[in-house]
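K.L.:
Curious how this folds, go ahead:
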Amino acid sequence: MRGLAYLCVLAFASFFLTLSSLPLYGIRIGASAGAAGLVTTVMLLSTVGTQTLVPALVNRFGPARVLGAGLVALGGPAPLYLIGHSFAWVLFVSALRGLGFAVITVLMPLVASRLVPQGRRGEAIGIYGLAIAVPNLAAVPVGVALTAAGHFSVVAVVAAAPLLALPLIRSITRSMRPVDAPAGPVDHPVDAVATVRRISGITAVLLVMTLSGGGVLTFLPVARPEGSLATVGLLVFGATGALARWRVGVLADRFGHRGLLAVSLLIGAAGLGLVAAGLSASSATAVLVGAAALGIGYGGAQNVTLLVAFVLAGPANVTTASAVWNAAYDAGTAIGALLVGLVAAGGVGYPWTFAGCAVLIALSLPLGVRAAHRAGR
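P.N.:
Coordinates of the predicted model:
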């Protein structure tokens, strides 16, 4: 797991450094506040479009080669942001990087679950979440701070970090365990459409949660550009999200996942509602407490929805399940990065837009509970 953790830190540092800083950079080079979120949307749409191809690529070329190509595609183009100074160029480079991010997001949770026995899958996914959280905690606020201070060139160069992970690939893929045999009737591979149907409910819940999280990650710095509130809020959101994803994974292995998903969604909805109220009332305390609660719900929901998706898909179809889950995750983040900005810029404002996202999370609760019940435990 150590090699995987290092790889995750390097790969996701590249993504998170630019996640919230690129919209700010886009505004600095001429994009409107409403259009700034397009950079996140374009990258993640490229990611989602590629994620559906990753299972076939792995079957043909093997995980090591595909993972290596993903690291190169994510990190290699990052310094190219500095070549052009138009928003269209930023969108183009982001689309290229999205191809690599697709590979990373599909393969990493799958590899994590294959490095441990099945009874520790939740913990492994939680540790994977922690490995993502380290760059999230540091890279998002650092990227925002550097860009706000006029040092985006540093962000672009450091975002090439995935290239440093290439030597780790061979040892990681050699350590992967074979797929565990199912305890009941033999689980044969099914077509991708059938797998998507099995996990459609739980991935819809994930999409709603990541739509809300994507909106906060992209537009909290835009909603409060002055002072350090946005930077600290994103730091708190990332920290609580990481801890929740890790601990919820351990709890899911021990006690099952049914109740954990409902609790995560409720806490997330309440937290985002508090962020909205804090922005409206100019209360830094409310924003920070809300960001902490939203992070707990966000991290917990990530872990549980992935576990449920793996169970519903069956052992023979986990690669497809991982691709679909990650497509929903990134599609939600992309939609949030675009929709929240458009709605807020249309006159609604960020507080009411975030409040609407909180309502969406609450409305997804019955769907999530149903899917978790079907998965058992």
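K.L.:
make it CA atoms for all contacts and neighbour counts henceforth
P.N.:
Noted.
K.L.:
what's near enough to touch S322?
P.N.:
Residues in contact with S322 (Cα atoms under 8 Å, 6 or more residues apart in numbering) are 106-107, 109-110, 306, 309-310.
K.L.:
of all those, which two lie farthest apart?
P.N.:
L107 and A309 (14.9 Å; Cα to Cα).
K.L.:
Between the two, which has more neighbouring residues?
P.N.:
When L107 and A309 are compared for neighbours, A309 comes out ahead with 28 against 23, by other Cα atoms under 10 Å.
K.L.:
Leaving out chain neighbours, which residue sits closest to that one?
P.N.:
Using Cα to Cα, 6 or more residues apart in numbering and skipping the chain neighbours, the partner closest in space to A309 is I199 (5.5 Å).
K.L.:
Also L146?
P.N.:
Nearest to L146 is F152, by Cα to Cα, 6+ apart, at 6.1 Å.
K.L.:
Quick check: phi and psi on the one you found?
P.N.:
phi -60, psi -20 (degrees, to the nearest 10).
K.L.:
Looking at the contacts of S322, state which has the most neighbours.
P.N.:
A309 (28 neighbours).
K.L.:
which secondary structure elements does the helix or strand of the chain with the lowest mean pLDDT contact?
P.N.:
In the chain, the helix or strand scored least confidently by mean pLDDT, DSSP states H and E is helix 121-148, which has a mean of 80. Judged by 3 or more Cα pairs under 8 Å, 6 or more residues apart in numbering; DSSP states H and E, helix 121-148 is in contact with helix 2-19, helix 21-28, helix 87-114, helix 152-158, helix 229-255, helix 284-313.
K.L.:
10 Å instead?
P.N.:
Using 3 or more Cα pairs under 10 Å, 6 or more residues apart in numbering; DSSP states H and E, the elements in contact with helix 121-148 are helix 2-19, helix 21-28, helix 87-114, helix 152-158, helix 192-223, helix 229-255, helix 284-313.
K.L.:
and among those helices, the most buried is which?
P.N.:
Comparing those by mean neighbour count (mean count of other Cα atoms under 10 Å), helix 284-313 comes out on top with a mean of 26.
K.L.:
Now do that one, average pLDDT.
P.N.:
If you average the pLDDT over helix 284-313, you get 92.
K.L.:
How about stretch 243-250?
P.N.:
Computed over stretch 243-250, the average pLDDT equals 84.
K.L.:
swap in stretch 25-40?
P.N.:
Stretch 25-40 comes out at a mean pLDDT of 83.
K.L.:
which residues of the stretch 251-377 of the chain score low on pLDDT?
P.N.:
Counting by pLDDT under 70, the ranges of the stretch 251-377 of the chain that qualify are 377.
K.L.:
please redo it, this time with the cut-off set to 90
P.N.:
251-259, 303, 306-307, 310-342, 344-348, 371-377 (pLDDT under 90).
K.L.:
returning to that earlier point: of the helices and strands packed on helix 121-148, which approaches C357 most closely?
P.N.:
Of the helices and strands packed on helix 121-148, nearest to C357 by Cα to Cα is helix 192-223, at 5.5 Å.
K.L.:
what's the angle between the closest one and helix 284-313?
P.N.:
Interaxial angle of helix 192-223 relative to helix 284-313 (axes from the mean of the first three to the mean of the last three Cα atoms, to 10 degrees): 170 degrees.
K.L.:
any idea what P225 is structurally, helix, strand or coil?
P.N.:
coil (DSSP: H, G, I helix; E, B strand; the rest coil).
K.L.:
Would you mind measuring from it to I29?
P.N.:
16 Å (Cα to Cα, to the nearest Å).
K.L.:
All good on my end, thank you.
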